[in-house]
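Enquirer: Here's my sequence, what's the structure:
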Amino acid sequence: MSTHRLRTTRFSVLDRSRTRQGQERAKELRDTVRFAQQAEALGYHRFWVSEHHSVPGVAGSAPTVLAAAVAGATSRIRVGTGGVMLPNHRPLVVAEQFGVLESLFPGRIDMGLGRSVGFTDGIRRALGADKDDADDFGARLTELLGYFTGDQTAHPQVHAHPAEGLTLPAFVLATGAGAEVAAAAGLSLVIGDFRGEDTMLRAIERYRTGFRPSVWSAEPYVIVSGNVAVAETAEEARRLLLPEAWAMAYSRTHGVFPPLTPPAAIEALARNGAMTGKERGFYERGLSGQLHGTEDEVAAALDALIERSGADEVLVTTSTHDREALLDSYRRLARLAGLATATPAPTTASERVSEGLPGGLDHAAHGA
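Expert: Numbers count the residues shown, from 1 in each chain. All right, here's what the predicted structure looks like:
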């Protein structure tokens, strides 16, 4: 079995600081930092954290703060956000936060940006945001990037210190029109999940076709993201996916995204008929299309996915109740990808610049 594409593709981690039944949120945040150290030791390229507000099942609500803790506890792995949601923040503040991060940890910070708004009306009101704010993502993104380049027209007398003059990798987390926004801005694209592959592949094609080189990236760069579970048997790998699938089903039927439940308890719900028909439908849908199996099965599936998508990188977003089982899955995946022995060269323009390699665009020509 050929795994050429698998072993020449970067692999990275997105950890959402998922809470688990019976555990304190503070422990989940500390576990995220420890997990970043483990991911670095395994050879993963990036470690990203996410932004969720007033969600019982997620402890990570302040991604730039958590990213600083992760960067301070690691030494080589790139650290970033997947992502900071621009509708929830003023672009000036986001620029300042990433400017501080990049100044403290030069050459290691990624700025992942999304357009999602709060989960409920109450959360959106508390954030001072509105559903329609997602439609302003392009304008907010332009303003944010302008604070780094110094070419900022929304507030020309305002300067974001220490961000101005810095160039760090910037990524758009694509949903809907996000691929076109990333292409027009010349940013790297993060897109998933594996269950809607046809839609994902069409969006990637639009992105590559419309891409305009920029100070942020000289050429298109695509990261596909989703759950990847690897275990000794296919059934064990599938069991790793149960807690997240049930949490999604519960959130869609109850309006609350809960902490992760042990697989045995979820299996008991399904076996005893305790799930409603609606819950079971969402639950089974959440398990379908996920990439899981033995090492050989996952290697073949990933290699085929990379070939179909032309992805430059895979961002693994798996979470489960048992942290040891989760780490074992990431350890097996790292072995499949040869991460301990083969690290691909930097590909995005600003990564090349920060690591002293050729290929980045001239900063001065873009006002940086």
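Enquirer: end-to-end on stretch 99-111?
Expert: Chord length of stretch 99-111, first to last residue, is 10 Å (CA to CA, to the nearest Å).
Enquirer: Name the residues that touch that stretch?
Expert: 46, 48, 64, 67-68, 71-72, 76-81, 84, 98, 148, 160-164, 166, 168-171, 354-355 (CB atoms under 8 Å, 6 or more residues apart in numbering). Bear in mind the C-beta positions are built from the backbone N, C-alpha and C, glycine included.
Enquirer: Phi and psi next, for the residue of the chain positioned farthest from its centre.
Expert: If you look at how far each residue of the chain sits from its centre, by CA atoms, centre = their mean, the farthest one is Asn272, at 35.6 Å. Dihedral angles of Asn272 (phi, psi; degrees, to the nearest 10) stand at phi -90, psi 0.
Enquirer: Quickly note the distance from it to Ala249.
Expert: Computed as CB to CB, to the nearest Å, the Asn272 to Ala249 distance reads 16 Å.
Enquirer: Arg90 now?
Expert: For Arg90, the distance to Ala249 - CB to CB - is 35 Å.
Enquirer: Pick out whichever of the two has more residues nearby.
Expert: Neighbours around Arg90 and Ala249, counted as other CB atoms under 10 Å, are more numerous at Ala249. The numbers are 23 against 13.
Enquirer: Would you agree that one is in contact with Gly277?
Expert: No: the criterion here is CB atoms under 8 Å, and Ala249 misses it with Gly277 at 11.3 Å.
Enquirer: Show me where the stretch 1-150 of the chain has its strands.
Expert: Assigned by DSSP state E, counting those that start in this stretch, the strands in the stretch 1-150 of the chain fall at 10-15, 46-49, 78-81, 84-85, 109-114.
Enquirer: Could you dump those into a markdown table with distance to Thr142, mean pLDDT and mean neighbour count added?
Expert: Converted to a markdown table, the strands of the stretch 1-150 of the chain look like this (distance: least, CB to CB, whole Å; pLDDT from 0 to 100; neighbours: other CB atoms under 10 Å):
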| stretch | distance to Thr142 | mean pLDDT | mean neighbour count |
| --- | --- | --- | --- |
| strand 10-15 | 25 | 97 | 24 |
| strand 46-49 | 23 | 98 | 27 |
| strand 78-81 | 19 | 98 | 26 |
| strand 84-85 | 16 | 94 | 25 |
| strand 109-114 | 12 | 96 | 27 |
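Enquirer: Which one, of these, ends up nearest to Ala231?
Expert: Proximity to Ala231 (CB to CB) singles out strand 10-15 among those, at 17.2 Å.
Enquirer: Partner strands of the closest one, with direction?
Expert: For strand 10-15, the paired strands and their directions (DSSP bridges) read strand 46-49 (parallel), strand 313-316 (parallel).
Enquirer: Please compute how far the last one lies from its chain's middle.
Expert: Taking CA atoms, centre = their mean, to the nearest Å, one finds strand 313-316 lying 8 Å from the centre of the chain it belongs to.
Enquirer: quick check: mean pLDDT across whichever helix or strand comes after that strand?
Expert: Proceeding C-terminally, strand 313-316 gives way to helix 323-337 as the next helix or strand, assigned by DSSP states H and E. The pLDDT scores in helix 323-337 average 97.
Enquirer: can you check stretch 228-242 too?
Expert: Average pLDDT, stretch 228-242: 98.
Enquirer: can you check stretch 245-264 too?
Expert: Rounded mean pLDDT across stretch 245-264 is 94.
Enquirer: Name the residues of it that are buried.
Expert: 245-253, 257-263 (16 or more other CB atoms under 10 Å).
Enquirer: Give me the subset of the residues you listed lying in helices.
Expert: 245-253, 263 (DSSP state H).
Enquirer: Could you dump these into CSV with distance to Arg195 added?
Expert: Compiled in CSV, these are given as follows (distance: CB to CB, whole Å):
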residue, distance to Arg195
Ala245, 11
Trp246, 16
Ala247, 16
Met248, 11
Ala249, 14
Tyr250, 18
Ser251, 16
Arg252, 14
Thr253, 19
Pro263, 20
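Enquirer: Go ahead and confirm Gln152 touches Gly146.
Expert: Yes: with contact defined as CB under 8 Å, Gln152 counts as touching Gly146 (3.2 Å).
Enquirer: Surely Ser225 is in a helix?
Expert: No: counting by DSSP: H, G, I helix; E, B strand; the rest coil, Ser225 is not part of a helix but strand.
Enquirer: Lowest-scoring secondary structure element of the chain by mean pLDDT?
Expert: helix 349-354 (a mean of 44; mean pLDDT, DSSP states H and E).
Enquirer: that older thread, take the strands paired with strand 10-15 and write them to TSV, including distance to Asp130.
Expert: Listed next are those as TSV, based on distance: least, CB to CB, whole Å:
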stretch	distance to Asp130
strand 46-49	25
strand 313-316	29
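Enquirer: For the residue positioned nearest the centre of the chain, give me phi and psi.
Expert: Per CA atoms, centre = their mean, the C-alpha nearest to the average position across the chain is that of Gly82, at 3.7 Å. When read as degrees, to the nearest 10, the backbone of Gly82 gives phi -130, psi 60.
Enquirer: Now do it, the pLDDT please.
Expert: 94.
Enquirer: Quick check: it touching Phe47?
Expert: No: taking contacts as CB under 8 Å, Gly82 lies outside contact range of Phe47: 9.6 Å.
Enquirer: Give me the neighbour count for Phe194.
Expert: So Phe194, with other CB under 10 Å, has 18 neighbours.
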